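**Student:** What follows is a predicted structure for the sequence shown.
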Amino acid sequence: MTADAASAPVDKAGGTALAGPPARGPRARTGASYLRYSAGKVGGAAVSLLAVLVTSFFLFRLVPGDPVKYMTGGRQVSAEQLAAYRREFGLDLPLWEQFTSYCGKALTGDLGTSYQFRAPVIDKITEALPNTLLLTGTAFVLYTALGVFLGTRSAWRHGRLGDRLNTGLALTLYSVPSFWLGLLLIIVFSVGMGPVPGLFPTGGMESGGKEGFAYTIDVAHHLVLPVVTLVAVEYGQTLLVTRSALLDEMGGDYLTTARAKGLRDDLVRRRHAVPNALLPTVTLIFVNLGRTVAGVILVETVFSWPGLGGLFYQALSVPDLPLVQGLFFVFASSVIVMNTLADLMYPLLDPRVGR
Amino acid sequence: MTTEGTPAAAKAGPRTLARQRRRHLAVRFWKRYRTHRAGLVGLAALVLFALVASAAPLVVGSDVSSVTGAPGRPLESPSGEFPLGTDRFGRDLLGLVVWGSRVSLLVGLLAAVLSVAIGALVGITAGHFRGAYATVMMRITDWFLVMPALVLAIALASVMSRSLGTIVLAIGVTSWPTTARLVRAQTLAVESRPYIERAKALGGGHWHIMTRHVLPNVMPLVLAQTTLMISSSILTEATLAFLGLGDPTVVSWGGLLQEAREAGAVSSGAWWYLVPPGVAIAVVALAFTLCGRAVESVLNPRLGVAR
Amino acid sequence: MNPQDQHGRGHPRAKNRRSRVLGLLAAAITLWAGLATPLDPAPQRAEAADGRKVLTVAVAQSVDSLSPFLATRLVSTSIHRLMYEYLTNYDPKDAHAIPGLATKWTPSADKLTWTYTIRSGTKWSDGKPVTAEDAAWTFNTMMTDEGAATANASYVANFRKVTAPSPTKLVIELKKPQATMAALDVSIVPKHIWQGVTDFSKFNNDKSFPIVGNGPFVLTGYKPDSYVRLEPNKDFWRGAPKFDELVFKYYKDGDAAVAALRKGEVSFVSGLTPAQSASLENQENIKVNDAPGRRFYALATNPGARSKDGKRFGDGHESLLDEKVRHALFMAVDRETIIDKVFQGHAVEGQGYIPPRFSTYFWKPSASQELAYDPAKAAQLLDEAGYKKNGDGRRVGKNGKPITYRVLCHATEPNDKAVGQYLKEWWGRLGIGVTLNCLDNVTDPWLAGTYDLAFDGWSVNPDPDFVLSIHTCDALPATPDDVGATDNFICDKKYDDLYRRQLAEYDPAERADIVKQMESRLYDTGYMNVMAYPNAVEAYRTDQIKSIQTMPEDAGNIYGQDGYWSWWSAVPAASGESSGGSGSTGVVIGVGAGVVVLAGAGVFLAMRRRSTAEDRE
């Protein structure tokens, strides 16, 4: 997300936004050491997940508001009934006991019952998760492809007009607030403006009542604008990282050697520079994927996409504690899982390590 | 760092020497910075915005934000009297965008300073004191790093009362870990140099080393980081205000966008309500990014990216 | 792809590659052109390819539950109205009670027993007959099961016993007389379906479709925050609805909903802002319906929160306990400006508690008691009350500190924030500070009484009993730990006496008279200052909806009526007016969109493949 403060649009910052610096990864020469390395990473991820579970529990206890009073919605309720509600949701227990029971249940996949929807949190999440994954997944594939493609091109033409325009556009779009871009796209391409007819739906995920192929088409139609918004604000970072990684590599001695051996210039680049330069990009790609899931809140709000982001915002205003906790856990764990995947893939991809 | 100082003027006192070296460095920095065209453009834009923001009280005055004294009808389209039209209260939008620059820039600046200050503190101390302290601090940093910052900021902003301070705090405490990592790495590099060893041998305490040797050396990095952080802080501020987590009585760019949306400007074609604040946000964010990239590339020429 | 062929060597693949890229580009351009061309400027019709008439309503609020025992949000209760018949309904012309599931209702001489005759021969949508037993079971469940009492406990609070002596006879015995027995807005559910429910507090009625009901529509599909679909109940006793389908479609963003209306994606949008309605007014095929609303929009003052056991809590400003101060504050509120600037004419200036739409109960202050806008007099009143200005021009409280009121506002309500800014400036001129405390969820400070003033508003039912009851001492919480039904802790003996009298008064005219006296009393206390009655501003497409019943019939609203009149009565526009073939337009666009997305992925894969091929050279 553009507004994601921790990911400054700088090549370096992008590279450092990793759970662990993979550059200091293992000198994994054998399968056994890779296994040991992976076990360490997976173990670390498990610890992080536990930490998230703990935080999400305590952090949201701070949200002002008594959920029980919200649930009773201004109706006349006696103190006994309020107490009964608290008992029902386990809010009468000491915080510590609430916490242990929360953790115990969470381990079995039970994240509690949503106060406002009176349905299991896990159900609400599994309802919304596929929608969010569809949106972010599509956008992710496209902006990664676009970012890597344009980044490579830009590095090739380093310093020329094409490169300047390319990076300039990427930086500009990166500075644009995603929600604002979304609103403008709605005005121009959904409502229609001047000669441009309203081409796309204004929001939502489906028109309803369609089945089979028509349904797929319908969803794809609804997907276009939110995906374009996400791609526009996200591809810049991938572009910049790819570009700078390539430039770094292009200055490398071994490239000079390769060239001296008489290899064609572009072949040198393709065969030697690109694979190496892709390393930071690959890690960034995974980190981005995790982030995108969490950062999609705004785009979902603007386009009325029925995903996790909208659900989170709705849950926070109650505060629907079990739902907020559950969603926060999902957001954070998506980042953790993706970071871990990046860590695990790194030694496999790095040609200087192993093989 | 780019330089280890010049082997000059052995006769001058250490203070003068240091000052000279610093001046020298600054000049060199500027010489190099000047070669970055994008950085210069960004800097020019920033100077312009800074001028506008500081001149705002004289040019437009706080009256522009008064609802009872609004000069126009609600949502008038741009005209000679109101170059950017009017908002939902009938206030002059050009004046509001100018007035709003103060809050947006201020919040962006304060949040970035807070964030970088936390990051630098954690980074320097974790780099200086090794051992358990560093391990714990870096664990916390890593852990904050995986927290979805925007989600966390939204949660924090909705926990506290709606005010500018809340926004600053919410952005500041969620965005520092990147800085902490960078600063720690730099600190480790600085502390491995021989003159630190010498300073220690001469009886320099922790405080002395951290403030006199490490800090000056990390400062450029910290500055670059701050510049970049302002950019994302301004965006986050706009985002939080847009989600309705800002103070509704304060005029800011994000707040204007939220009001525009609430008033139904998008569907009623009141583009003048929506476009200027967004453009202002994008331009300022871009300007800070360009400056930050230029600064970074001056300090770390190997990257050679921004050229 | 690689323009930097510095060595100038021949590059057999380059041409190949370039042409492939050009081909892709061409394909993409054709696609986008193809997207634009078949689009007729005429809007798409909300109708499926097979010519079914679909009425699509844009909604923003999430359904909290599809179980009538749990649902409290307007969208949910509106949908329940369509799924289940209530005992009675309200006449669309003037909102008097008319038969629904019950054809007749009579009180006993002692006013304590009501006998309803249940309509015979109607069926649930699964073919089982609807009987008095269903109604009795529904009420009894609400009276005995705490989970089932979640949403509508107040309706049965005064019930002693409910029985069904025969399939067409329902008897309700009361503890005390109650004049509102023809206004029981409770969904009667089929016993044979619901008696299997074990835990009413968790059963959301959203697992098996269609949902068995007996209203004008049958709910056939529901996807949270996406849509609610209903089909007409062909056997509905009042006659089947004319559309083939009714869809509530989600647009979390009001602008998106309006844009969808312009394009014909939806047939109806409610809750328009002034700017939106102005921009839709001159639009072809769209009718803006600007109807007097059923809400009042008020500024409530905290009269000192208290519970029935006499304990005081909360921290409302002590100066507000002075009636003069309350009056002064309201006299400094320029209601005309609020109507003119904030609502831009889409509201009526506030007078009494009940909006003029309910003409039976509408009351206006007399000239002598009216608190008209007069800032000079307001300042004078404050001086009289002993709150004088200090050297800085700030009025100081009895404790010597400058007065700053905390005004509680709903962060989700743009009007609260707008009016709040006006208050800040108006009261600022009086020398009083204002902190606007806007929250997503105001429940906590509200119930704890930790505010000074608050924006307040209620939708008024045709029977005003409920909105009147929330200002009685009886509605106060029993202890500070309980939650009362009270709105803002008002407890006034004179008002309470009048309330009791109207509830036991079965003669409509007499009752209306007492209600007006209550409104007068409430106005004088200055606890509830009604600033405006916001209009219901809605719009619909005339090329999709030919006619629709408003309520009240003259200048009434469409969404959120007391009854199912609007959607039940809506007549589809003739298909001749349709642009035709728009269904396929949608498909073409959709195909285009899908292909673009796939093309993007394809380009990516092609690049990957190519680079590996290159390496094999």
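**Tutor:** Thanks, I have it.
**Student:** C-terminal to the helix or strand bottoming out on mean pLDDT in chain A, what's the next element?
**Tutor:** The weakest-scoring helix or strand in chain A, judged by mean pLDDT, DSSP states H and E, is helix A:11-16 (a mean of 34). Using DSSP states H and E, the helix or strand that follows helix A:11-16 in sequence is helix A:31-59.
**Student:** for that following helix, which positions count as buried?
**Tutor:** By neighbour count with 16 or more other C-beta atoms under 10 Å in any protein chain shown, helix A:31-59 contains the buried residues A:34, A:37-38, A:41, A:44-45, A:48-49, A:51-53, A:55-57, A:59. The C-beta positions use only the backbone N, C-alpha and C, and glycine is treated the same way.
**Student:** which residues of the stretch 1-150 of chain C fall in helices?
**Tutor:** Along the stretch 1-150 of chain C, counting by DSSP state H, counting those that start in this stretch, helices occupy C:12-36, C:74-83, C:132-144.
**Student:** Let me see the ranges of the helices in the stretch 101-250 of chain B.
**Tutor:** Counting by DSSP H, counting those that start in this stretch, the helices of the stretch 101-250 of chain B are B:131-146, B:149-159, B:164-172, B:177-191, B:194-201, B:206-208, B:215-242.
**Student:** Those helices: which one's closest to chain C?
**Tutor:** Nearest of the helices of the stretch 101-250 of chain B to chain C, taken as C-beta to the nearest C-beta: helix B:149-159 at 6.7 Å.
**Student:** Is the closest one in proximity to chain C?
**Tutor:** Yes: contact of helix B:149-159 with chain C (C-beta under 8 Å from any C-beta of the partner chain) involves residue B:158.
**Student:** Which one of the buried residues of helix A:31-59 is nearest to chain C?
**Tutor:** For the buried residues of helix A:31-59, the minimum distance to chain C (C-beta to the nearest C-beta) is 17.0 Å, reached by residue A:59.
**Student:** circling back to that earlier point, which of the helices of the stretch 1-150 of chain C has the lowest mean pLDDT?
**Tutor:** Of all those, the minimum mean pLDDT falls on helix C:12-36 (a mean of 42).
**Student:** helix/strand/coil for residue C:537?
**Tutor:** Look at residue C:537: counting by DSSP: H, G, I helix; E, B strand; the rest coil, its state is strand.
**Student:** Quick check: it touching residue C:346?
**Tutor:** Yes: counting by C-beta atoms under 8 Å, residue C:346 is a contact partner of residue C:537 at 5.2 Å.
**Student:** Mutual contacts of those two, please.
**Tutor:** C:274, C:277, C:290 (C-beta atoms under 8 Å, 6 or more residues apart in numbering or on different chains).
**Student:** thinking again about what came up before, more neighbours: which of residue C:537 and residue C:346?
**Tutor:** residue C:537 (24 against 21; other C-beta atoms under 10 Å in any protein chain shown).
**Student:** Disregarding residues adjacent in the polypeptide, which is nearest to the residue nearest the centre of chain C?
**Tutor:** Among the residues of chain C, the one closest to the centroid is residue C:74, at 4.5 Å (C-alpha atoms, centre = their mean). Closest residue in space to residue C:74, ignoring its immediate chain neighbours: residue C:560 at 5.6 Å, by C-beta to C-beta, 6 or more residues apart in numbering or on different chains.
**Student:** can I assume that neighbour is in contact with residue C:536?
**Tutor:** Yes: with contact defined as C-beta under 8 Å, residue C:560 and residue C:536 form a contacting pair (7.4 Å).
**Student:** Which of the three states applies to residue C:243?
**Tutor:** Under three-state DSSP, residue C:243 comes out as coil.
**Student:** sorry, back to before: OK, contacts around the residue nearest to residue C:74?
**Tutor:** When contacts are counted by C-beta under 8 Å, 6+ apart, residue C:560 touches C:74, C:78, C:270, C:294, C:459, C:536.
**Student:** So residue C:61 is in contact with residue C:75, correct?
**Tutor:** Yes: contact criterion C-beta under 8 Å: residue C:61 and residue C:75 qualify, at 4.3 Å.
**Student:** So for the two, which sits in the more crowded spot?
**Tutor:** Neighbour totals were compared for residue C:61 and residue C:75, and residue C:75 leads with 20 against 15 (other C-beta under 10 Å).
**Student:** For chain A, see how far away the more buried one is.
**Tutor:** Distance, residue C:75 to chain A, using C-beta to the nearest C-beta, to the nearest Å: 13 Å.
**Student:** and that residue, what is it in contact with?
**Tutor:** C:59, C:61, C:62, C:63, C:248.
**Student:** Now the buried members of these.
**Tutor:** C:59, C:62, C:63, C:248.
**Student:** what about the residue nearest to residue C:374 when sequence neighbours are not counted, how many neighbours?
**Tutor:** If the residues on either side of it in the chain are set aside, residue C:374 comes closest to residue C:331, at 5.1 Å by C-beta to C-beta, 6+ apart. For residue C:331, the count of nearby residues is 24 (other C-beta under 10 Å).
**Student:** What pLDDT is listed against residue C:331?
**Tutor:** pLDDT at residue C:331 comes out at 95.
**Student:** List the buried residues of the strand or helix carrying residue B:98.
**Tutor:** Element membership of residue B:98, judged by DSSP H and E, is helix B:93-128. By neighbour count on 16+ other C-beta under 10 Å, the buried set for helix B:93-128 is B:93-105, B:107-116, B:118-128.
**Student:** OK, contacts around residue C:300?
**Tutor:** Contacts for residue C:300 (C-beta under 8 Å, 6+ apart) come out as C:453, C:454, C:455, C:456, C:487, C:488, C:527, C:528, C:529.
**Student:** Make TSV out of the residues you listed and add distance to chain B and secondary structure.
**Tutor:** TSV is the format used below for these (distance: C-beta to the nearest C-beta, whole Å; DSSP: H, G, I helix; E, B strand; the rest coil):
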residue	distance to chain B	secondary structure
C:453	15	strand
C:454	15	strand
C:455	12	strand
C:456	18	strand
C:487	24	coil
C:488	21	coil
C:527	25	coil
C:528	24	strand
C:529	19	strand
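**Student:** hmm, back to that, adding distance to residue C:474, mean neighbour count and mean pLDDT, write the helices of the stretch 101-250 of chain B out as CSV.
**Tutor:** Output for the helices of the stretch 101-250 of chain B, formatted as CSV (distance: least, C-beta to C-beta, whole Å; neighbours: other C-beta atoms under 10 Å in any protein chain shown; pLDDT from 0 to 100):
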stretch, distance to residue C:474, mean neighbour count, mean pLDDT
helix B:131-146, 52, 17, 85
helix B:149-159, 35, 25, 80
helix B:164-172, 40, 23, 90
helix B:177-191, 56, 23, 87
helix B:194-201, 77, 12, 83
helix B:206-208, 68, 11, 86
helix B:215-242, 43, 26, 87
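**Student:** and which of the buried ones among the contacts of residue C:75 is nearest residue C:570?
**Tutor:** Nearest to residue C:570 out of those is residue C:248 (C-beta to C-beta; 13.5 Å).
**Student:** what's the spacing between that closest one and residue C:224?
**Tutor:** Using C-beta to C-beta, to the nearest Å, we find residue C:248 at a distance of 12 Å from residue C:224.
**Student:** just to revisit the earlier point, nearest to residue B:33, of the helices of the stretch 101-250 of chain B?
**Tutor:** Nearest of these (C-beta to C-beta): helix B:215-242, 11.1 Å.
**Student:** After the closest one, which helix or strand is next?
**Tutor:** Moving toward the C-terminus from helix B:215-242, the next helix or strand (DSSP H and E) is helix B:253-262.
**Student:** tell me which strands and helices that next one is in contact with?
**Tutor:** For helix B:253-262, the packing partners by 3 or more C-beta pairs under 8 Å, 6 or more residues apart in numbering or on different chains; DSSP states H and E come out as helix A:178-185, helix B:93-128, helix B:215-242, helix B:271-299.
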